[in-house]
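whatever this is, show me its structure:
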Amino acid sequence: MELRFSSIENIKPSSPTPDHQRTHKLSFIDQLNPGAYFSIILFYSAGASSERLKKSLSETLTHFYPFAGQFKDNHFVDCDDHGVTFIEAHFDRGDMSEVIQQAKTNILEQLIPCKPHESTRVEHNLIVQVNYFGCGGMAIGVCFHHKVADAATAANFLKTWGLHARGAGAGDTNDFKHAIYDSNSIFPAQDLPDMSVNLGLGLFSLDSVVKRFTFEGEKIASLREKIVQAEPGLGRPSRVEVVSSVILGALLAAYGGSRDDDEEFTTAPLTHVTAIIAVNLRKRMNPPLPEESFGNICSAAFLNLPIDRDHDHEKKINHGSLAGQLHQSIRMVDDQFVRKLYVEGEILNIRKAVEAQGSPKSNKVFVISSWCKMPFYEADFGWGKPVSIGVGTRFTEAAVLVDSCQTDGIEAWVGLSKQDMARFEQHPGILAHTSSSTDKA
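The predicted structure follows:
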(Lines give C-alpha, C1' and ligand atoms only; values in the text may rest on other atoms or scores of the structure.)
Protein backbone atom coordinates (compact mmCIF):
# COMPACT_ATOMS: atom_id res chain seq x y z
CA MET A 1 0.00 0.00 0.00
CA GLU A 2 1.21 3.48 -0.88
CA LEU A 3 1.18 6.19 1.76
CA ARG A 4 0.62 9.83 0.79
CA PHE A 5 1.43 12.64 3.24
CA SER A 6 -0.86 15.66 3.01
CA SER A 7 0.20 17.96 5.86
CA ILE A 8 2.54 18.44 8.78
CA GLU A 9 2.23 21.16 11.39
CA ASN A 10 3.14 22.10 14.92
CA ILE A 11 0.40 22.07 17.58
CA LYS A 12 0.89 24.18 20.70
CA PRO A 13 -1.11 24.25 23.95
CA SER A 14 -4.31 26.28 23.65
CA SER A 15 -3.19 28.53 26.52
CA PRO A 16 0.34 29.44 27.66
CA THR A 17 1.89 27.30 30.38
CA PRO A 18 2.04 29.36 33.61
CA ASP A 19 5.48 30.40 34.83
CA HIS A 20 5.27 28.21 37.93
CA GLN A 21 4.83 25.15 35.67
CA ARG A 22 7.54 26.01 33.15
CA THR A 23 10.07 23.60 34.64
CA HIS A 24 9.11 19.93 34.80
CA LYS A 25 11.73 18.12 36.86
CA LEU A 26 12.47 14.56 35.83
CA SER A 27 12.26 11.87 38.47
CA PHE A 28 15.10 9.45 39.11
CA ILE A 29 13.17 6.75 37.21
CA ASP A 30 12.71 9.15 34.28
CA GLN A 31 16.46 9.70 34.22
CA LEU A 32 17.14 5.98 34.01
CA ASN A 33 14.63 5.28 31.25
CA PRO A 34 15.63 4.69 27.60
CA GLY A 35 16.28 7.72 25.45
CA ALA A 36 13.89 6.47 22.77
CA TYR A 37 10.29 6.62 21.61
CA PHE A 38 7.62 3.98 22.10
CA SER A 39 4.56 3.88 19.87
CA ILE A 40 0.89 2.97 19.88
CA ILE A 41 -1.57 2.75 16.97
CA LEU A 42 -5.31 3.13 17.54
CA PHE A 43 -7.57 1.86 14.74
CA TYR A 44 -11.08 3.28 14.22
CA SER A 45 -13.80 2.04 11.86
CA ALA A 46 -14.66 5.66 11.04
CA GLY A 47 -13.09 9.08 11.39
CA ALA A 48 -13.84 12.77 11.09
CA SER A 49 -12.21 16.08 10.22
CA SER A 50 -8.72 16.59 11.57
CA GLU A 51 -9.72 20.04 12.83
CA ARG A 52 -11.46 18.46 15.81
CA LEU A 53 -8.38 16.39 16.57
CA LYS A 54 -6.02 19.36 16.33
CA LYS A 55 -8.18 21.65 18.43
CA SER A 56 -8.72 19.05 21.17
CA LEU A 57 -5.01 18.10 21.09
CA SER A 58 -4.14 21.75 21.72
CA GLU A 59 -6.58 21.84 24.64
CA THR A 60 -5.20 18.59 26.08
CA LEU A 61 -1.62 19.84 25.96
CA THR A 62 -2.47 22.57 28.45
CA HIS A 63 -2.87 19.80 31.03
CA PHE A 64 -0.01 17.59 29.71
CA TYR A 65 2.38 20.49 29.13
CA PRO A 66 5.68 18.53 29.38
CA PHE A 67 4.77 16.86 26.08
CA ALA A 68 4.94 20.30 24.41
CA GLY A 69 8.28 21.19 26.02
CA GLN A 70 11.94 20.50 25.33
CA PHE A 71 14.54 18.50 27.22
CA LYS A 72 17.31 20.32 29.04
CA ASP A 73 20.07 17.76 29.72
CA ASN A 74 18.97 14.82 31.87
CA HIS A 75 17.30 16.79 34.64
CA PHE A 76 14.22 18.65 33.45
CA VAL A 77 11.89 19.60 30.60
CA ASP A 78 11.55 23.28 29.71
CA CYS A 79 7.77 23.56 29.26
CA ASP A 80 8.11 26.42 26.77
CA ASP A 81 5.08 25.44 24.65
CA HIS A 82 7.42 24.35 21.86
CA GLY A 83 4.57 22.15 20.62
CA VAL A 84 4.10 18.68 19.16
CA THR A 85 4.22 17.46 15.57
CA PHE A 86 0.90 16.60 13.90
CA ILE A 87 1.07 14.73 10.58
CA GLU A 88 -1.74 13.71 8.22
CA ALA A 89 -1.34 10.81 5.77
CA HIS A 90 -3.58 8.88 3.40
CA PHE A 91 -3.77 5.25 2.27
CA ASP A 92 -6.09 6.03 -0.66
CA ARG A 93 -6.34 2.40 -1.73
CA GLY A 94 -5.77 0.89 1.68
CA ASP A 95 -8.10 -1.58 3.38
CA MET A 96 -7.77 -1.06 7.13
CA SER A 97 -9.34 -4.41 8.04
CA GLU A 98 -6.62 -6.14 6.01
CA VAL A 99 -3.93 -4.13 7.80
CA ILE A 100 -5.35 -5.14 11.19
CA GLN A 101 -5.76 -8.78 10.25
CA GLN A 102 -2.31 -9.29 8.75
CA ALA A 103 -0.42 -7.05 11.21
CA LYS A 104 2.59 -6.75 8.92
CA THR A 105 5.38 -4.74 10.50
CA ASN A 106 6.43 -3.08 7.24
CA ILE A 107 2.89 -1.65 6.94
CA LEU A 108 2.30 -0.84 10.61
CA GLU A 109 5.55 1.11 10.93
CA GLN A 110 4.33 3.44 8.17
CA LEU A 111 1.42 4.40 10.45
CA ILE A 112 3.69 5.79 13.17
CA PRO A 113 5.58 9.09 12.80
CA CYS A 114 9.02 7.98 13.97
CA LYS A 115 11.39 5.05 13.58
CA PRO A 116 12.80 4.23 17.04
CA HIS A 117 15.47 1.92 15.58
CA GLU A 118 17.01 4.74 13.52
CA SER A 119 17.76 7.43 16.10
CA THR A 120 17.27 8.53 19.68
CA ARG A 121 17.49 12.22 18.78
CA VAL A 122 14.63 14.11 20.42
CA GLU A 123 12.91 16.90 18.51
CA HIS A 124 9.49 16.60 20.13
CA ASN A 125 8.35 14.66 23.18
CA LEU A 126 5.15 13.68 21.38
CA ILE A 127 4.51 13.07 17.67
CA VAL A 128 1.12 12.27 16.15
CA GLN A 129 0.31 10.82 12.73
CA VAL A 130 -3.33 10.55 11.64
CA ASN A 131 -3.80 8.02 8.82
CA TYR A 132 -6.92 8.00 6.62
CA PHE A 133 -7.83 4.83 4.71
CA GLY A 134 -9.73 4.73 1.44
CA CYS A 135 -12.29 2.44 3.11
CA GLY A 136 -13.22 5.22 5.55
CA GLY A 137 -11.26 3.90 8.52
CA MET A 138 -8.70 5.87 10.51
CA ALA A 139 -5.55 4.94 12.43
CA ILE A 140 -3.92 7.34 14.88
CA GLY A 141 -0.24 6.55 15.43
CA VAL A 142 1.44 8.26 18.38
CA CYS A 143 5.08 8.22 19.50
CA PHE A 144 5.86 9.12 23.12
CA HIS A 145 9.34 9.82 24.35
CA HIS A 146 10.13 7.34 27.11
CA LYS A 147 12.06 9.88 29.15
CA VAL A 148 8.80 11.72 29.78
CA ALA A 149 6.15 9.01 29.92
CA ASP A 150 5.39 5.35 30.49
CA ALA A 151 2.53 3.40 28.93
CA ALA A 152 0.09 4.32 31.73
CA THR A 153 0.77 8.03 31.16
CA ALA A 154 0.31 7.52 27.40
CA ALA A 155 -3.04 5.78 27.92
CA ASN A 156 -4.28 8.52 30.26
CA PHE A 157 -3.23 11.19 27.75
CA LEU A 158 -5.07 9.50 24.85
CA LYS A 159 -8.20 8.98 26.95
CA THR A 160 -8.18 12.64 28.01
CA TRP A 161 -7.57 13.79 24.44
CA GLY A 162 -10.66 11.82 23.45
CA LEU A 163 -12.71 13.49 26.18
CA HIS A 164 -11.72 16.93 24.92
CA ALA A 165 -12.51 15.92 21.33
CA ARG A 166 -16.01 14.84 22.36
CA GLY A 167 -16.54 17.94 24.46
CA ALA A 168 -17.33 15.60 27.34
CA GLY A 169 -17.30 17.02 30.83
CA ALA A 170 -18.05 20.59 29.81
CA GLY A 171 -20.61 20.74 32.61
CA ASP A 172 -19.03 18.13 34.86
CA THR A 173 -15.34 18.50 35.66
CA ASN A 174 -15.37 15.04 37.26
CA ASP A 175 -15.13 13.57 33.75
CA PHE A 176 -11.63 15.03 33.48
CA LYS A 177 -8.88 13.52 35.60
CA HIS A 178 -5.84 15.36 34.37
CA ALA A 179 -2.21 14.54 34.97
CA ILE A 180 -0.75 14.76 38.47
CA TYR A 181 2.89 15.87 38.72
CA ASP A 182 4.53 14.56 41.87
CA SER A 183 6.89 11.75 40.81
CA ASN A 184 9.99 13.90 41.37
CA SER A 185 9.02 14.41 45.02
CA ILE A 186 8.73 10.63 45.48
CA PHE A 187 11.77 9.67 43.39
CA PRO A 188 14.02 12.76 43.43
CA ALA A 189 16.35 13.17 40.48
CA GLN A 190 20.06 12.64 41.04
CA ASP A 191 23.05 14.47 39.66
CA LEU A 192 24.19 11.92 37.14
CA PRO A 193 24.92 11.88 33.40
CA ASP A 194 22.42 10.53 30.90
CA MET A 195 23.26 6.84 31.07
CA SER A 196 20.42 5.85 28.75
CA VAL A 197 21.36 7.73 25.56
CA ASN A 198 22.29 4.58 23.66
CA LEU A 199 20.18 2.15 25.66
CA GLY A 200 17.08 2.85 23.59
CA LEU A 201 18.72 1.83 20.31
CA GLY A 202 19.52 -1.62 21.71
CA LEU A 203 15.81 -2.34 22.09
CA PHE A 204 15.15 -2.09 18.34
CA SER A 205 16.49 -3.86 15.28
CA LEU A 206 15.72 -3.77 11.56
CA ASP A 207 16.45 -7.51 11.51
CA SER A 208 13.83 -8.26 14.14
CA VAL A 209 10.64 -10.13 13.25
CA VAL A 210 7.60 -8.86 15.18
CA LYS A 211 4.42 -10.94 15.20
CA ARG A 212 1.13 -10.69 17.01
CA PHE A 213 -0.10 -13.75 18.91
CA THR A 214 -3.70 -13.64 20.12
CA PHE A 215 -4.64 -15.47 23.32
CA GLU A 216 -8.41 -15.87 23.43
CA GLY A 217 -10.07 -15.27 26.78
CA GLU A 218 -11.49 -18.80 26.99
CA LYS A 219 -8.07 -20.38 26.46
CA ILE A 220 -6.48 -18.14 29.07
CA ALA A 221 -9.21 -19.08 31.57
CA SER A 222 -8.82 -22.78 30.78
CA LEU A 223 -5.03 -22.73 31.24
CA ARG A 224 -5.43 -20.70 34.43
CA GLU A 225 -7.69 -23.40 35.90
CA LYS A 226 -5.18 -26.10 34.94
CA ILE A 227 -2.41 -24.13 36.65
CA VAL A 228 -4.53 -23.68 39.80
CA GLN A 229 -5.23 -27.42 39.94
CA ALA A 230 -1.59 -28.36 39.33
CA GLU A 231 -0.18 -25.72 41.71
CA PRO A 232 -2.79 -25.36 44.51
CA GLY A 233 -0.40 -23.32 46.66
CA LEU A 234 0.05 -20.70 43.98
CA GLY A 235 -3.34 -19.05 44.24
CA ARG A 236 -5.02 -17.61 41.17
CA PRO A 237 -2.47 -16.24 38.68
CA SER A 238 -3.38 -13.14 36.67
CA ARG A 239 -4.14 -13.25 32.95
CA VAL A 240 -0.79 -11.58 32.27
CA GLU A 241 1.08 -14.16 34.38
CA VAL A 242 -0.64 -17.01 32.52
CA VAL A 243 0.15 -15.56 29.09
CA SER A 244 3.72 -14.70 30.12
CA SER A 245 4.28 -18.28 31.29
CA VAL A 246 3.35 -19.58 27.82
CA ILE A 247 5.65 -17.04 26.15
CA LEU A 248 8.59 -17.81 28.43
CA GLY A 249 8.06 -21.56 28.06
CA ALA A 250 8.26 -21.23 24.28
CA LEU A 251 11.29 -18.94 24.57
CA LEU A 252 13.22 -21.48 26.63
CA ALA A 253 12.66 -24.00 23.86
CA ALA A 254 13.48 -21.50 21.10
CA TYR A 255 16.69 -20.29 22.73
CA GLY A 256 17.66 -23.84 23.67
CA GLY A 257 17.22 -25.16 20.14
CA SER A 258 20.01 -25.98 17.75
CA ARG A 259 21.85 -23.06 16.17
CA ASP A 260 22.92 -22.73 12.57
CA ASP A 261 26.57 -23.20 11.65
CA ASP A 262 27.48 -19.50 11.88
CA GLU A 263 25.95 -19.15 15.33
CA GLU A 264 27.63 -22.32 16.61
CA PHE A 265 31.07 -20.90 15.85
CA THR A 266 30.48 -17.26 16.82
CA THR A 267 28.30 -17.43 19.93
CA ALA A 268 28.50 -19.26 23.22
CA PRO A 269 25.71 -21.76 24.01
CA LEU A 270 22.87 -20.10 25.89
CA THR A 271 22.41 -21.35 29.43
CA HIS A 272 19.97 -18.85 30.97
CA VAL A 273 17.17 -16.47 30.09
CA THR A 274 16.72 -13.39 32.26
CA ALA A 275 13.13 -12.22 32.03
CA ILE A 276 12.54 -8.55 32.87
CA ILE A 277 8.88 -7.85 33.59
CA ALA A 278 7.82 -4.19 33.62
CA VAL A 279 5.70 -3.34 36.68
CA ASN A 280 3.38 -0.33 37.10
CA LEU A 281 4.14 1.08 40.56
CA ARG A 282 1.10 3.29 41.02
CA LYS A 283 -0.94 0.76 43.02
CA ARG A 284 2.11 -0.76 44.68
CA MET A 285 3.25 2.33 46.55
CA ASN A 286 2.13 3.06 50.11
CA PRO A 287 -0.08 5.00 49.91
CA PRO A 288 -1.08 4.14 46.32
CA LEU A 289 -0.54 6.80 43.69
CA PRO A 290 -3.35 8.04 41.41
CA GLU A 291 -3.51 6.37 38.01
CA GLU A 292 -3.18 9.87 36.52
CA SER A 293 0.31 10.32 37.98
CA PHE A 294 2.49 11.61 35.14
CA GLY A 295 5.87 10.21 34.13
CA ASN A 296 7.69 6.91 34.41
CA ILE A 297 6.28 5.34 37.54
CA CYS A 298 7.37 1.82 36.78
CA SER A 299 10.04 -0.64 37.74
CA ALA A 300 10.84 -4.25 36.88
CA ALA A 301 10.68 -7.73 38.29
CA PHE A 302 13.49 -10.12 37.36
CA LEU A 303 13.35 -13.85 36.77
CA ASN A 304 16.41 -15.94 35.91
CA LEU A 305 15.47 -19.16 34.10
CA PRO A 306 17.90 -21.95 33.19
CA ILE A 307 17.89 -23.49 29.73
CA ASP A 308 18.07 -27.26 30.09
CA ARG A 309 19.53 -28.69 26.88
CA ASP A 310 19.35 -32.26 28.13
CA HIS A 311 15.56 -32.45 27.94
CA ASP A 312 12.85 -31.96 25.35
CA HIS A 313 11.56 -28.50 26.19
CA GLU A 314 8.55 -28.99 23.97
CA LYS A 315 7.26 -31.58 26.43
CA LYS A 316 8.80 -30.49 29.73
CA ILE A 317 7.54 -26.92 30.08
CA ASN A 318 5.62 -26.50 33.34
CA HIS A 319 3.40 -23.46 32.92
CA GLY A 320 2.27 -23.70 36.54
CA SER A 321 5.84 -23.46 37.80
CA LEU A 322 6.64 -20.55 35.47
CA ALA A 323 3.45 -18.72 36.45
CA GLY A 324 4.33 -19.25 40.11
CA GLN A 325 7.84 -17.85 39.67
CA LEU A 326 6.46 -14.88 37.77
CA HIS A 327 3.88 -14.24 40.49
CA GLN A 328 6.53 -14.30 43.23
CA SER A 329 8.99 -12.06 41.39
CA ILE A 330 6.28 -9.47 40.63
CA ARG A 331 4.96 -9.64 44.19
CA MET A 332 8.40 -8.65 45.50
CA VAL A 333 8.09 -5.27 43.78
CA ASP A 334 6.42 -3.45 46.67
CA ASP A 335 6.81 -0.05 48.33
CA GLN A 336 9.81 -1.09 50.42
CA PHE A 337 11.59 -2.70 47.47
CA VAL A 338 11.00 0.31 45.21
CA ARG A 339 12.13 2.92 47.75
CA LYS A 340 15.33 0.99 48.40
CA LEU A 341 16.05 0.89 44.66
CA TYR A 342 15.23 4.46 43.70
CA VAL A 343 15.14 6.58 46.86
CA GLU A 344 18.19 5.04 48.54
CA GLY A 345 19.89 4.66 45.14
CA GLU A 346 20.54 0.90 45.27
CA ILE A 347 19.76 0.69 41.54
CA LEU A 348 22.98 2.58 40.77
CA ASN A 349 25.07 0.04 42.68
CA ILE A 350 23.38 -2.77 40.79
CA ARG A 351 24.00 -1.10 37.44
CA LYS A 352 27.66 -0.45 38.26
CA ALA A 353 28.14 -4.09 39.27
CA VAL A 354 26.51 -5.32 36.06
CA GLU A 355 28.59 -2.97 33.91
CA ALA A 356 31.79 -4.05 35.67
CA GLN A 357 31.00 -7.73 35.26
CA GLY A 358 29.59 -7.45 31.77
CA SER A 359 26.66 -9.39 30.40
CA PRO A 360 27.62 -13.05 29.88
CA LYS A 361 27.20 -14.19 26.30
CA SER A 362 25.53 -17.34 27.57
CA ASN A 363 22.66 -15.27 28.98
CA LYS A 364 19.75 -13.91 26.95
CA VAL A 365 17.64 -11.02 28.25
CA PHE A 366 13.94 -10.82 27.33
CA VAL A 367 11.60 -7.97 28.31
CA ILE A 368 7.84 -8.31 28.88
CA SER A 369 5.76 -5.13 29.14
CA SER A 370 2.04 -5.41 29.85
CA TRP A 371 -0.30 -2.61 28.77
CA CYS A 372 -3.34 -4.64 29.80
CA LYS A 373 -6.12 -2.87 31.73
CA MET A 374 -4.76 0.52 30.67
CA PRO A 375 -7.50 2.70 29.13
CA PHE A 376 -6.30 2.70 25.51
CA TYR A 377 -9.71 1.45 24.35
CA GLU A 378 -11.33 4.43 26.08
CA ALA A 379 -9.71 6.87 23.63
CA ASP A 380 -12.99 7.84 21.94
CA PHE A 381 -12.75 11.02 19.83
CA GLY A 382 -16.43 11.08 18.92
CA TRP A 383 -16.64 8.31 16.34
CA GLY A 384 -16.45 5.32 18.66
CA LYS A 385 -13.80 3.43 20.57
CA PRO A 386 -10.83 1.77 18.86
CA VAL A 387 -11.58 -1.50 17.09
CA SER A 388 -7.96 -2.63 17.44
CA ILE A 389 -4.59 -1.60 18.85
CA GLY A 390 -1.22 -2.00 17.17
CA VAL A 391 2.41 -1.42 18.12
CA GLY A 392 4.23 -0.87 14.83
CA THR A 393 7.80 -0.93 16.18
CA ARG A 394 10.58 -3.39 15.33
CA PHE A 395 11.67 -4.12 18.88
CA THR A 396 13.73 -7.20 19.62
CA GLU A 397 13.97 -9.73 22.47
CA ALA A 398 10.76 -8.34 23.93
CA ALA A 399 6.99 -8.73 24.11
CA VAL A 400 4.27 -6.11 24.57
CA LEU A 401 0.93 -7.39 25.88
CA VAL A 402 -2.28 -5.47 25.14
CA ASP A 403 -5.95 -6.22 25.70
CA SER A 404 -7.79 -7.46 22.63
CA CYS A 405 -11.24 -6.25 21.63
CA GLN A 406 -12.45 -9.69 22.58
CA THR A 407 -13.43 -9.82 26.26
CA ASP A 408 -10.53 -11.00 28.45
CA GLY A 409 -8.32 -11.78 25.46
CA ILE A 410 -4.69 -10.65 25.21
CA GLU A 411 -2.63 -9.86 22.13
CA ALA A 412 1.10 -10.46 22.55
CA TRP A 413 3.36 -8.57 20.15
CA VAL A 414 6.61 -10.55 20.21
CA GLY A 415 9.91 -9.45 18.65
CA LEU A 416 12.70 -11.98 18.01
CA SER A 417 15.40 -12.78 15.49
CA LYS A 418 14.17 -14.61 12.39
CA GLN A 419 15.62 -17.92 13.52
CA ASP A 420 14.31 -17.70 17.08
CA MET A 421 10.85 -16.63 15.85
CA ALA A 422 10.67 -19.67 13.56
CA ARG A 423 11.19 -21.95 16.58
CA PHE A 424 9.04 -19.87 18.93
CA GLU A 425 5.90 -19.83 16.79
CA GLN A 426 6.07 -23.61 16.25
CA HIS A 427 6.26 -24.43 19.96
CA PRO A 428 3.29 -26.60 21.06
CA GLY A 429 2.36 -24.13 23.80
CA ILE A 430 2.06 -21.30 21.28
CA LEU A 431 0.21 -23.44 18.73
CA ALA A 432 -2.22 -24.69 21.39
CA HIS A 433 -3.07 -21.36 23.01
CA THR A 434 -2.80 -18.69 20.30
CA SER A 435 -3.58 -17.64 16.78
CA SER A 436 -0.90 -15.53 15.09
CA SER A 437 -0.48 -12.92 12.41
CA THR A 438 1.56 -13.75 9.33
CA ASP A 439 4.40 -11.26 8.96
CA LYS A 440 6.06 -11.58 5.57
CA ALA A 441 7.91 -8.30 5.92
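
Three-state assignment for residue 165, please.
helix (DSSP: H, G, I helix; E, B strand; the rest coil).

which ones are touching it?
52-53, 56, 381-382 (Cβ atoms under 8 Å, 6 or more residues apart in numbering). Backbone N, C-alpha and C define where each C-beta goes, glycine included.

got those residues as TSV, with distance to residue 287 columns?
Output for the contacts of residue 165, formatted as TSV (distance: Cβ to Cβ, whole Å):
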residue	distance to residue 287
52	38
53	37
56	33
381	34
382	36
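
quick one: buried ones out of the residues you listed?
52-53, 56, 381 (16 or more other Cβ atoms under 10 Å).

what is the burial count for the closest residue to residue 231 other than its chain neighbours?
Spatial nearest neighbour of residue 231, excluding adjacent residues (Cβ to Cβ, 6 or more residues apart in numbering): residue 320 at 3.9 Å. Residues within reach of residue 320, counting by other Cβ atoms under 10 Å, total 20.

go on, residue 23?
15.

roughly how far does the closest residue to it other than its chain neighbours sit from residue 435?
Distances taken as Cβ to Cβ, 6+ apart put residue 76 closest to residue 23, at 5.3 Å, once the chain neighbours are dropped. Using Cβ to Cβ, to the nearest Å, residue 76 is found at 46 Å from residue 435.

show the pLDDT at the residue lying closest to residue 284 once chain neighbours are set aside.
In space, and not counting its chain neighbours, residue 284 is closest to residue 334: 5.7 Å by Cβ to Cβ, 6+ apart. In the predicted model, residue 334 carries a pLDDT score of 95.

quick one: residue 334 and residue 281 touch, right?
No - counting by Cβ atoms under 8 Å, residue 334 does not reach residue 281; the two are 9.4 Å apart.

the more surrounded of these two?
residue 281 (25 against 14).

the more buried one: what's its closest spatial neighbour, skipping adjacent residues?
Counting by Cβ to Cβ, 6+ apart, the residue nearest residue 281 is residue 297, at 4.9 Å.

show me what contacts the one you found?
Counted by Cβ under 8 Å, 6+ apart, residue 297 has contacts 27, 29, 150, 152-153, 183, 280-282, 289.

just the buried ones from the residues you listed?
For these, buried by 16+ other Cβ under 10 Å: 27, 29, 150, 152-153, 183, 280-281, 289.

show me those residues that map onto strands.
residue 280 (DSSP state E).

make JSON lines out of the buried ones among the contacts of residue 297 and add distance to residue 304.
Listed next are the buried ones among the contacts of residue 297 as JSON lines, based on distance: Cβ to Cβ, whole Å:
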{"residue": "27", "distance to residue 304": "28"}
{"residue": "29", "distance to residue 304": "23"}
{"residue": "150", "distance to residue 304": "24"}
{"residue": "152", "distance to residue 304": "27"}
{"residue": "153", "distance to residue 304": "30"}
{"residue": "183", "distance to residue 304": "29"}
{"residue": "280", "distance to residue 304": "22"}
{"residue": "281", "distance to residue 304": "22"}
{"residue": "289", "distance to residue 304": "29"}
